[in-house]
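Engineer: Pasting a predicted model and its sequence here:
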Amino acid sequence: RAEASDVATAIYDGADAIMLSAESAAGKYPEESVAMQQRIINRVEGDKHYRNYLKSFQMDPDNTPTDAMIVAARQIAKTIEAKAIVCFSLRGSTVLRASRKRPSVPIMALCPFKETARQLVMAWGVYPDLPTAGSFGYSGEVEYENDNEEVKEEVGDDLDLVLRNACRAALKKGLVSDPEDLLVVTAGLP
């Protein structure tokens, strides 16, 4: 019971990710423990007081283009009942800011760097996808090693192809199921 309370409290406190303790994960019933943890998460996030609680701690957006774009995307997604917000991102900062705002729909992060995609797995509501070469607007395999290095890549000019590939990725991840489902797409230039 104490661990169930800890899970619920972590969710109410706004944790992006939670994990089971070694005793629960390695005990006689690890699958049941994970299922119970998911039930607790779903119950808390489905609670009408949870959203109000989160809103009471939301800070005003920064006066930046990124925050303005994320606030607008969140409102558009709510207004048009979109199934997800799609964020194209190089280093994940836009995706993390979107996650911090806790939109009512999932966030699909499309980024060309494996390390960034792996890190975004731990952010709340984020479904990262590592697009194949050319489908993100890049002409080849992208490697990135140092935060201080400037990223220079050849950008493709077929926006329609990039958006179609984003829709395919959303379908593959189960975020959309009907051709009429809507996505809100955010993108910027570094």
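Structural biologist: Now that the structure is in, tell me what you want to look at.

Engineer: Go through the helix or strand of the chain with the lowest mean pLDDT and flag the buried ones.
Structural biologist: Ranked by mean pLDDT, DSSP states H and E, the helix or strand of the chain with the weakest confidence is helix 22-25, at a mean of 75. Using 16 or more other Cβ atoms under 10 Å as the test for burial, helix 22-25 gives Ser24. Glycine gets a C-beta too; all of them are placed from N, C-alpha and C.

Engineer: Which other helices and strands does it contact?
Structural biologist: Judged by 3 or more Cβ pairs under 8 Å, 6 or more residues apart in numbering; DSSP states H and E, helix 22-25 is in contact with helix 30-46.

Engineer: Following the helix it packs on in sequence, what is the next regular element?
Structural biologist: The first helix or strand that comes after helix 30-46 along the chain, using DSSP states H and E, is helix 48-57.

Engineer: Find the residue at the geometric middle of the protein.
Structural biologist: The centroid of the chain falls nearest to Val126 when counting by Cα atoms, centre = their mean (1.8 Å).

Engineer: Run through the residues that contact it.
Structural biologist: Val95, Ala98, Ser99, Pro106, Ile107, Met108, Ala109, Leu120 (Cβ atoms under 8 Å, 6 or more residues apart in numbering).

Engineer: Just give the number of residues close to the fifth one.
Structural biologist: It stands for Ile107. 30 (other Cβ atoms under 10 Å).

Engineer: From what I see, it and Leu96 are in contact.
Structural biologist: No: contact status for Ile107 versus Leu96: not in contact, 9.6 Å apart, counting by Cβ atoms under 8 Å.
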